[in-house]
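1. could you look at this predicted model? Sequence included:
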Amino acid sequence: MSGKRVIMAAGNWKMNKTPREAVEFVNHLRGLIKGSSSEVVVGVPFVCIPGVAEAVKGSDIKVAAQNAHWEASGAYTGEVSCGMLKELGVDYVIIGHSERREYFGETNEMVNKKARAILDAGVLPIICCGETLTQREQGVTKEHVRYQIKVALLGITAQEASRLVIAYEPIWAIGTGKTATVEQAQEVCGMIRELLAELYGKDVAERTRILYGGSVNAGNAKALFDMPDIDGGLVGGASLKPDAFEKIVRHDA
Ligand code: 13P
């Protein structure tokens with residue numbers, strides 16, 4: 001079990017659902033997850049945020065954006081600032097997702113700047129990391145993930161580090177139906193916690209939540225979340241269906 005850390009079930013919808021579909025989904029979900037002990041987060045497209053933020057009012061569902069720019073305002077066509085998201089009631093912003101790294105050139109340095117801006121706006125980052133299949137086969141998973149997280153956290157204080165969330169998502173397990181074994185997932189999440197202890201001390205490391213992502217579903221959530229250093233999941237495909245997502249939220253039931 002994960003001690004005092006509250007398990008987080010965070011959906012990452014990616015580029016799915018229209019604003020209307022998003023509100024319908026959340027209206028359904030809020031009844032389904034009542035009384036659960038997990039923290040429930042929906043990571044929705046920008047255009048869905050106003051409707052979803054309104055629809056979750058009075059419920060236990062939190063809202064995440066899937067990206068943000070690090071500047072507060074300015075000539076950055078197509079971008080959205082952390083202050084804009086904060087005003088809409090966003091609680092978390094997912095940054096450094098492998099899809100953003102691969103398709104949109106997001107670097108570790110950009111992830112670091114985004115983390116800083118998100119925290120400065122009073123929102124919390126969910127910082128993603130993870131290795132490719134090649135890197136796993138080369139035996140450099142640990143080095144790669146350590147490097148990603150170390151750079152992402154440059155200048156982040158201990159107090160901030162204890163509140164943000166890290167998501168370990170091996171790229172070969174995303175959308176492939178090929179979940180990491182609980183041992184593989186635990187090994188890397190445990191290593192991330194060791195890194196946090198090195199950077200910030202043991203107390204902080206014990207408070208920071210570390211999620212696993214990559215083909216999490218109703219059938220494997222409990223075994224993953226029961227591992228000592230896995231504090232929940234960042235869920236893609238299975239977060240798009242209310243019933244499947246509810247089962248992940250209630251993995252212990
Ligand atoms: P899947 O759960 O669809 O594998 O996606 C994982 C993911 O990328 C969550 O951010």
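-> Perfect, I can see it now. Numbering: from 1, shown residues only.
2. distance from the helix or strand of the chain with the lowest mean pLDDT to the middle of the chain?
-> Least confident element among the helices and strands of the chain, by mean pLDDT, DSSP states H and E: helix 133-138 (a mean of 94). Centroid displacement of helix 133-138 relative to its chain, using Cα atoms, centre = their mean, to the nearest Å, is 23 Å.
3. quick check, the residue in the stretch 151-253 of the chain closest to the ligand?
-> The minimum distance from the stretch 151-253 of the chain to the ligand, using Cβ to the nearest ligand atom, falls at residue 236 (2.2 Å). (C-beta placed from N, C-alpha, C; glycine too.)
4. which helix or strand contains residue 151?
-> helix 141-152 (DSSP states H and E).
5. hmm, who's touching that helix?
-> Applying Cβ atoms under 8 Å, 6 or more residues apart in numbering, the contact partners of helix 141-152 are 95-96, 108-109, 111-112, 115, 127, 129-131, 135, 166, 168, 170, 188, 191-192, 195, 199.
6. quick check: residues of the protein near the ligand?
-> 12, 97, 169, 174-175, 213-216, 234-238 (Cβ under 6 Å from any ligand atom).
7. tell me the least confident of the residues you listed?
-> Across the set of the residues of the chain next to the ligand, residue 175 stands lowest in pLDDT, at 86.
8. OK, contacts around that one?
-> 215, 236-237.
9. wait, doesn't residue 62 sit right on residue 52?
-> No. Counting by Cβ atoms under 8 Å, residue 62 does not reach residue 52; the two are 10.3 Å apart.
10. can you give me the strands in this structure?
-> Ranges of strands in the chain, per DSSP state E, are 8-12, 39-43, 61-65, 92-95, 124-129, 165-168, 209-213, 232-235.
11. return the most buried member of those.
-> Mean neighbour count (mean count of other Cβ atoms under 10 Å) peaks for strand 232-235 among the strands of the chain, with a mean of 29.
12. strands paired with that one, and their directions?
-> Taking DSSP bridges as the criterion, strand 232-235 forms sheet pairs with strand 8-12 (parallel), strand 209-213 (parallel).
13. and of the ones you listed, who's closest to residue 29?
-> strand 8-12 (9.0 Å; Cβ to Cβ).
14. who's in contact with the closest one?
-> 38-43, 64, 66, 92, 94, 97, 126, 165, 167, 209, 211, 213, 221, 231-236, 239-240, 245, 248-249, 251.
15. swap in 7 Å and give it another go.
-> 38-43, 64, 66, 94, 126, 165, 209, 211, 231-236, 239, 245, 248-249 (Cβ atoms under 7 Å, 6 or more residues apart in numbering).
16. one more: stretch 61-79?
-> 10, 12, 26, 29-30, 39-46, 49, 52-53, 56, 80-83, 85, 89-95, 100, 113-114, 116-118, 126.
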